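> What follows is a protein structure lacking sequence information:
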């Protein structure tokens, strides 16, 4: 686990506002949490430097990039040796179609969120990038009718 600084109410307020809109100006952020802009800037820098804030991202509509279909691929591995698990995870992270990876417990080992052009692309991805892997025992694909990300984590302040 990372060694994060102890966060106070103002840090939680800053994180909550940035989760809603990462483009909020420092001046507006400082005003909304009730601190000086220089203090706010230092707090945001500390949150970034500590790894509490991992990045700032643009939310891009997948359709604008030619995505016509999204799916969740459940993957069951044949073996669970660290080298194989790590190798498969690295493989997933290098596939351009992968939007997210969940390494989970239960009957499946991974849930992989993918975005593809169409059903032919999904079939080819499943056959070429999943079932050909020696560590993969079984896959099960589920189509996503709608995906609505929240882009926020719960702020669990005491």
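All right, it came through fine. Everything quoted here is computed from the prediction, not taken from an experiment.
> Give me the most central residue, the protein.
If you average the C-alpha coordinates of the chain and look for the closest C-alpha using C-alpha atoms, centre = their mean, you land on residue 100, 5.4 Å from that point.
> Wasn't that one part of a strand?
Yes - secondary structure assignment places residue 100 in a strand (DSSP: H, G, I helix; E, B strand; the rest coil).
> In contact with it, which residues?
Under the criterion of C-beta atoms under 8 Å, 6 or more residues apart in numbering, the contact list for residue 100 reads 112, 113. All C-beta atoms are positioned from the backbone trio N, CA, C, and that covers glycine.
> where along the protein do the strands fall?
If DSSP state E is used as the criterion, the strands of the chain fall at 69-77, 98-103, 110-116, 136-144.
> Averaged pLDDT, the third one. What do you get?
Read that as strand 110-116. For strand 110-116, the mean pLDDT works out to 98.
> Can you tell me the strand partners of it and which way each runs?
strand 69-77 (antiparallel), strand 98-103 (antiparallel) (DSSP bridges).
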